[in-house]
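> Fold the stuff below for me.
(one chain, ligands or ions: 1)
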Amino acid sequence: MKASKTSSARSSRAKAPATNGTTASIELPPWVREPKRLLINGKWVDAASGETFATLDPSTGETLCHVPAGDKQDIDKAVAAARAAFESGPWRTMTSSERGRAIWRLADLLEQHIDEFATLESLDNGKPRAVARVADVPLAIDLFRYMAGWATKLHGSTFPISVPYAPGARFFSYTQREPIGVVGQIIPWNFPLLMAAWKLGPALATGCTVVLKPAEQTPLSALRLGELIQQAGIPDGVVNIVTGLGETAGAALAGHPGVDKIAFTGSTEVGKLIVKAAAHDLKKVSLELGGKSPNIILPDADLETAIPGAASAIFFNHGQCCCAGSRLYVHTKHFDTVVEGVAAAAKKIKVGPGMSADTEMGPLVSEEQLNRVMGLLKSGQAEGAKPLAGGARHGKSGYFVQPTILVNTQPGMRVMEEEIFGPVVCAVPYTDEQEVIQAANNNIYGLAAAVWTSNLSKAHQIASAIRAGTVWVNCYNIFDAALPFGGYKQSGWGREMGAEALELYTETKSVCIRL
Ligand code: ADP
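Next up, the predicted model:
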């Protein structure tokens, strides 16, 4: 994810709402109009400071509602609640089967409210409601179900040990996996509910307790999820939710001495701040960060699938995906056909408010994101890059950007090196396979990549040569709760999802008994 600070409009505290207090153009679900509070120790409370900030509708820039601006004082209370829930109370004594069933109940409740959550995601983030309905929310439900199953399957091993300096002695040795403790989870705005699920699922399955800080741009679905967490019977204090700004609430959580581990998803820039904040007491840290993912089309690729695949790799979620296929390498044999195809696809995309039924691409999340993406587009074009489609803002209000394909780029240009986090792909021709692998790997990031080919052997060879945590072959953006996701290089530490995520939330204890 790209590096940025909070948009001033979004971070302004107690910002004066629009005349009716909410965005004028759409019918809001009643829940949005209700007062928003922090979830601390099972109680819904105002921020200690009494401050709030506005969350906006990115398709208009108008206020949806206000949420509490939690800060250090609230984080202190939330961490104390999570600590108490970890050390005593029902979560500690619940069987793993009971814990798994509570997580499963949460998934069931989410499923019962799937339409409402799709609406919240669309309103707050700007993404098409239809996409949230088929992707974000079902993936979150599935993640909780997958992790519910793991609760009963976290086991250690036994070991035949020899101990050379204790001849004749006999021992029984085993390991057990224990929850790491109180976890601070800081999540981004591009998939607000799904990122909450990726974080909460493994934490709950392993018996940890949590303080969750949603992104200030998109706090709504996490707060609503908090209500379902309570309904699911997850005990008070196990999940605490503090909305607030990154520099205040986020920083207080990352540096809190009462937190055993920080799990962060966001920009590489902020990831480095998290590591620094966590270093003084050596908390465990896991990070899922930015990317600049190469998408390689080989000469033998099936263009019928590769062209729409390349378009969807960058334009899905408006390019606001850490794994967006933003560097498109196409063999010269097909370069013109592919770039024309992707440009045609870009021009056809219906850009509009996420809540409109025919919208295929919504606005970027914030004015700050809009300015950042427009700044990069300007810099690319000033350096000689040429848009075959897009290249400009869409409309005059809201934070919309035209789906864009750039050609005539050169290595070293900002648009080729930096994560744009918008619907902008740089298409680059190549002739030599080794050179393209080198170019693909020549970036600070290593989150994801794809290769399009009909040659099975080449698919495996390139998958192996690319330095990235995920390589898709003849597909893109395929996610599953069972499949680990995370980055090489500056794209992060550790893996989300799959059994690997559980490693990040458990400590291994070796027990040795003299017989
Ligand atoms: P983006 O640049 O895409 O907005 P960020 O990395 O800035 O992503 O934000 C991701 C999450 O990190 C958000 O929840 C944000 O509030 C939080 N955050 C931002 N700055 C800090 C910080 N200094 N310390 C802790 N969390 C932060």
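
> how much space between the residue of the chain most remote from its centre and the ligand?
The C-alpha centroid of the chain is most remote from residue 168, which lies 53.9 Å away (Cα atoms, centre = their mean). Going from residue 168 to the ligand by Cβ to the nearest ligand atom, to the nearest Å gives 55 Å. The C-beta positions use only the backbone N, C-alpha and C, and glycine is treated the same way.

> Could you shift the numbering so residue one becomes 613, and keep it that way?
Renumbered: residue one is now 613, and that last one reads residue 780.

> any idea which residue sits dead centre in the chain?
With distances taken as Cα atoms, centre = their mean, residue 807 lies nearest the centre of the chain, 4.5 Å away.

> show me what contacts that one?
799-800, 877 (Cβ atoms under 8 Å, 6 or more residues apart in numbering).

> Contacts for whichever helix or strand residue 875 is part of, please.
Residue 875 belongs to strand 873-877 when elements are defined using DSSP states H and E. Residues from elsewhere that reach strand 873-877 (Cβ under 8 Å, 6+ apart): 613, 792-800, 807, 810-811, 815, 820, 865-866, 882-883, 886, 889-890, 895-901, 934, 1108, 1116-1117.

> can you pull the contacts of residue 1091?
751, 1097, 1109.

> tell me the secondary structure for the first one?
The assignment at residue 751 comes out as helix when based on DSSP: H, G, I helix; E, B strand; the rest coil.

> What's the separation between residue 975 and residue 930?
Per Cβ to Cβ, to the nearest Å, residue 975 is found 8 Å from residue 930.

> quick one: the strands in the stretch 663-812 of the chain?
With strands called from DSSP state E, counting those that start in this stretch, the stretch 663-812 of the chain shows them at 664-669, 674-680, 770-771, 783-791, 794-798.

> strand partners of the shortest one, parallel vs antiparallel please.
Think strand 770-771. strand 783-791 (antiparallel) (DSSP bridges).

> Over to the residue in the stretch 1013-1127 of the chain that the ligand sits nearest to: give its phi and psi.
Closest residue of the stretch 1013-1127 of the chain to the ligand, Cβ to the nearest ligand atom: residue 1033 (6.5 Å). With angles defined as degrees, to the nearest 10, residue 1033 sits at phi 60, psi 40.

> tell me the contacts of it?
Contacts for residue 1033 (Cβ under 8 Å, 6+ apart) come out as 613-614, 802, 902, 931-932, 936, 981, 984-985.

> Now pLDDT and distance to the ligand too, for those, in CSV please.
Output for the contacts of residue 1033, formatted as CSV (pLDDT from 0 to 100; distance: Cβ to the nearest ligand atom, whole Å):
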residue, pLDDT, distance to the ligand
613, 36, 4
614, 34, 5
802, 98, 7
902, 97, 9
931, 97, 12
932, 98, 8
936, 98, 13
981, 98, 7
984, 97, 9
985, 98, 12
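
> Closest one of those to residue 1055?
Comparing those against residue 1055 with Cβ to Cβ places residue 902 closest, at 10.2 Å.

> what's the burial count for that closest one?
Neighbour count of residue 902, defined by other Cβ atoms under 10 Å: 26.

> sorry, back to before: who wins on neighbours among the contacts of residue 807?
residue 799 (27 neighbours).

> ok, it touching residue 806?
No: here residue 799 does not reach residue 806: they are 9.3 Å apart, not a contact under Cβ atoms under 8 Å.

> mind listing what the residue of the stretch 663-812 of the chain at minimum distance from the ligand touches?
Residue of the stretch 663-812 of the chain nearest the ligand, by Cβ to the nearest ligand atom: residue 800 (4.2 Å). Going by Cβ under 8 Å, 6+ apart, residue 800 touches 613, 807, 827, 877-879.

> change it to 7 Å
613, 807, 827, 877-878 (Cβ atoms under 7 Å, 6 or more residues apart in numbering).

> related to what we said a few turns ago, who's more crowded, residue 975 and residue 930?
residue 930 (33 against 29).

> Mind pulling up the pLDDT for the more buried one?
Note on residue 930: pLDDT of 97.

> before we move on, what about residue 701?
Residue 701 is given a pLDDT of 86.

> Hmm, residue 847 and it touching each other?
Yes: with contact defined as Cβ atoms under 7 Å, residue 701 counts as touching residue 847 (6.0 Å).

> pLDDT weak spots in the stretch 813-962 of the chain?
Across the stretch 813-962 of the chain, nothing is flagged by pLDDT under 70.

> and it, which residues reach the ligand?
For the stretch 813-962 of the chain, the contact set with the ligand under Cβ under 6 Å from any ligand atom comprises 825, 827-828, 857-859, 862-863, 866, 878-879, 882, 885-886.

> ok, and the closest non-adjacent residue to residue 1112?
Leaving aside its chain neighbours, residue 1112 sits nearest to residue 1096 (4.3 Å; criterion: Cβ to Cβ, 6 or more residues apart in numbering).

> Residue 997 now?
Ranked by Cβ to Cβ, 6+ apart and with sequence neighbours excluded, the top spatial neighbour of residue 997 is residue 1018, at 4.3 Å.

> secondary structure class for the one you found?
At residue 1018 the chain is in strand, as set by three-state DSSP.

> does the residue nearest to residue 1112 really touch residue 1107, like I thought?
Yes: with contacts counted by Cβ under 7 Å, residue 1096 reaches residue 1107, the gap being 3.8 Å.

> between those two, which one's more packed in?
residue 1107 (21 against 16).
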